[in-house]
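# Show me the folded form of this:
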Amino acid sequence: MTKRFLLELIVGIIGLIAVFLFGDAGTAVIALLVVHPFIGKKKADERESQLFNKVGNVTAALTLLAAIGIYFASDIVVNGYQIGAHWLMLLVFSFLIVHGASGLVIIRRG
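Model (predicted):
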């Protein structure tokens with residue numbers, strides 16, 4: 001599970017930077033998640049299922065806060081690209097960052 005959360009965190013950070021640097025072309029970073037099914041076990045045990053549900057609850061709350069932040073910053077232009085024009089990809093990469101980071105934190109506290 002740690003490798004999966006770490007992959008999500010890394011892809012999220014790279015994707016967020018790519019969207020700010022390249023705009024729509026930066027969304028191709030999502031293709032890095034293709035390796036996700038090949039990392040770790042296929043079938044989760046009971047403890048991993050509970051951990052994943054706990055991480056999901058934290059992720060939902062923090063992603064909602066990220067969506068609100070993106071909404072309020074939608075008029076800001078970064079590197080020639082308006083944040084409001086790329087809100088969906090920014091939210092997707094924010095989700096990946098939050099899910100990966102919260103998963104790693106919850107595993108460490110375990």
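# isn't Arg18 right next to Gly26, touching?
Rather than Arg, residue 18 is Ala. Yes - contact criterion C-beta atoms under 8 Å: Ala18 and Gly26 qualify, at 3.2 Å. In short, each C-beta sits where N, CA and C put it, glycine included.
# how about the lengthiest helix in the chain: buried residues?
Ordering each helix of the chain by length in residues (DSSP state H) puts helix 46-72 first. Of the residues in helix 46-72, those buried by neighbour count under the rule 16 or more other C-beta atoms under 10 Å are 51-52, 55, 58-59, 62-63, 66, 70.
# How many residues are close by Asp45?
For Asp45, the count of nearby residues is 9 (other C-beta atoms under 10 Å).
# how close does it sit to Leu90?
Separation of Asp45 from Leu90 (C-beta to C-beta, to the nearest Å): 34 Å.
# Spell out the residue ranges of the strands in the protein.
When secondary structure is read from DSSP state E, the chain shows strands at 77-78, 81-82.
# so where's this structure shaky on pLDDT?
With pLDDT under 70 as the threshold, the chain has low-confidence stretches at 40-42, 44, 110.
# before we move on, the earlier item: comparing the strands of the chain, which comes out most buried?
Across the strands of the chain, averaging neighbours per residue (mean count of other C-beta atoms under 10 Å) puts strand 81-82 on top, at a mean of 16.
# Would you map the helices across this structure?
Listed in chain order (using DSSP H), the helices of the chain are 2-22, 46-72, 87-109.
# Can you tell me which residue is spatially central in this protein?
In the chain, the C-alpha closest to the average C-alpha coordinate belongs to Leu96, at a distance of 1.0 Å (C-alpha atoms, centre = their mean).
# Many thanks, have a good one.
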